[in-house]
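Visitor: fold the following, please.
(one chain, ligands or ions: 1)
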Amino acid sequence: MKVGVPKETAAGERRVALTPEVAGRLVKAGHQVIVEAGAGAEAGCADAEYVVAGATSGDPWGADLVAKVQKPSAAEIERLRPGAALVATMWAATDPELLRQLAARSVTAFSLELVPRITRAQAMDVLSSQATVAGYRAALLAADAANRFFPMLVTAAGTLPPARALVLGAGVAGLQAIATLRRLGAVVSAFDVRAAVREQIESLGATFVAMEQPVEGEGAGGYAKELSGDQHARELEFLARTVKGQDVVITTAQIPGKPAPRLITRTAVEAMKPGSVIVDLAAETGGNCEVMRAGERVVHHGVVVLGPVNLPATLPLHASQMYAKNLQNFLQLVAKDGALAPNFQDEIVQATCVTRDGKVLRA
Ligand code: NAD
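Guide: Sure thing, here's the model as predicted:
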């Protein structure tokens, strides 16, 4: 099978879908890999490395399967060979027009954010691998924007207390943010509506902050569910009190298929100390903090509020390495003896395949 790797064209995207190492593994598995010139340049993967690994440099769009990080543009869809396969993170559920265009081109499209959260699929889970990057980067952004050290320092010029950091939402990104904040020396606490994460928070050396009367947020498949109106009101009131004394707050709360839950109101921000920092990792789904603006740095009542978008692209080498490994594992599932041969009865194939035979299968 010919596997094509285009250069990503979305603004600010620096990742590449396949690294030279993974390209080499696909070549060994009997595939031909065609990489567009400069595809890996921004991730630190030179064209020559792909060639050494056995790939060829050329036009990737005529391949049997095109591997991308971001969804293709309308112009890129026109360059796909009719009947070809496409694997990318397409956020298919939010883009019916994209699916319509892919179906019209008879593309068999797999949208990797739909990989189910089952043990067998863990090695293909791009949401987890890229959330790891986002959580790490969020802690560094917070440290960069803060007006203080994170670790406690005992110096001849006096003793400086450690920063107090709170992480809201302790999923994959939140746990990585906690681990990174701890490495930087902050005193970290965390909260989540899923009681099951308490142990994971504590195992990283952080404190779980519990509500006096807990809310019930455990949903299906390891995800959270939306809180009832009354429970959400109690959570907001609890969090307004909890964020007050913090130097740093990183929010990561998401509910699958829904806008991000509001966790920090404008009033709660106004009660925080000037100079404290909020990093809202839910910027792309509406944000957890009321005053956040996606992609911007807002200063509200002296509090710095960051709403970073596409953080994985800001750590392109390791983000690409993890993404490429996920993709390699996915390709092992859908290819046999060097040819594309998906078993459409397979749970993972079924969950991720969004267009096939000219039809939109799921949105
Ligand atoms: P996510 O990105 O959907 O959400 C981030 C966190 O926000 C979650 O922990 C969620 O509980 C929390 N949250 C939602 N609403 C909230 C609210 N109102 N207040 C506070 N917190 C709120 O989740 P995720 O990081 O993708 O993963 C969630 C879980 O799934 C993790 O525990 C992870 O271990 C598990 N997981 C399992 C697999 C697998 O088995 N293959 C793969 C990936 C993740």
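Visitor: and for the protein, the residue most distant from the center?
Guide: Ala156 (42.4 Å; C-alpha atoms, centre = their mean).
Visitor: show the pLDDT at that one.
Guide: pLDDT, Ala156: 98.
Visitor: can you pull the phi/psi pair for the residue of the stretch 151-300 of the chain found nearest the ligand?
Guide: Taking C-beta to the nearest ligand atom as the measure, the stretch 151-300 of the chain has Gly171 as its residue closest to the ligand, at 2.1 Å. The C-beta positions use only the backbone N, C-alpha and C, and glycine is treated the same way. Note on Gly171: backbone dihedrals following degrees, to the nearest 10 are phi -80, psi -150.
Visitor: okay, it and Ala260: tell me how far apart.
Guide: Gly171 sits 12 Å away from Ala260, going by C-beta to C-beta, to the nearest Å.
Visitor: ok, Ala43 next?
Guide: When distance is defined by C-beta to C-beta, Ala43 is 28 Å away from Ala260.
Visitor: who's more crowded, these two?
Guide: Set side by side, Ala43 and Ala260 show unequal neighbour counts under other C-beta atoms under 10 Å, the larger going to Ala43 at 25 against 22.
Visitor: pretty sure the more buried one contacts Leu18?
Guide: No: under the criterion of C-beta atoms under 8 Å, Ala43 is not in contact with Leu18, lying 10.2 Å apart.
Visitor: please enumerate the helices of the stretch 151-300 of the chain.
Guide: When assigned using DSSP state H, counting those that start in this stretch, the helices of the stretch 151-300 of the chain occupy the ranges 172-183, 198-203, 229-243, 266-270.
Visitor: show me what the first one is packed against.
Guide: Here helix 172-183 is seen to pack against helix 126-145, strand 164-168, strand 187-191, helix 198-203, strand 248-251 when contacts are counted using 3 or more C-beta pairs under 8 Å, 6 or more residues apart in numbering; DSSP states H and E.
Visitor: dump these to a markdown table, plus distance to the ligand and mean neighbour count.
Guide: Rendered in a markdown table, the data for the helices and strands packed on helix 172-183 read as follows (distance: least, C-beta to the nearest ligand atom, whole Å; neighbours: other C-beta atoms under 10 Å):
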| stretch | distance to the ligand | mean neighbour count |
| --- | --- | --- |
| helix 126-145 | 4 | 22 |
| strand 164-168 | 5 | 27 |
| strand 187-191 | 6 | 24 |
| helix 198-203 | 7 | 15 |
| strand 248-251 | 8 | 29 |
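Visitor: next up, phi/psi of Gly12, please.
Guide: Per-residue torsions, Gly12: phi 80, psi 0 (degrees, to the nearest 10).
Visitor: so which of the helices of the stretch 151-300 of the chain is the most packed in?
Guide: Sort these by mean neighbour count, taking mean count of other C-beta atoms under 10 Å, and helix 172-183 sits at the top with a mean of 24.
Visitor: near the ligand, which residues of the stretch 101-250 of the chain?
Guide: 117-119, 121-122, 125, 127-128, 131, 168-174, 191-194, 197, 217, 222-224, 227, 235 (C-beta under 6 Å from any ligand atom).
Visitor: do that again at 5 Å, thanks
Guide: Where the stretch 101-250 of the chain comes near the ligand, counting by C-beta under 5 Å from any ligand atom, the residues are Arg117, Gln122, Asp125, Ser128, Gly169, Gly171, Val172, Asp192, Val193, Arg194, Gly222, Ala224.
Visitor: return the item of these having minimum pLDDT.
Guide: The member of those with the lowest pLDDT is Gly222, at 77.
Visitor: my read is that that one contacts Arg117, right?
Guide: Yes: here Gly222 lies in contact with Arg117, judged by C-beta under 8 Å, at a distance of 5.4 Å.
Visitor: and these two? Which one has more around it.
Guide: When Gly222 and Arg117 are compared for neighbours, Arg117 comes out ahead with 15 against 12, by other C-beta under 10 Å.
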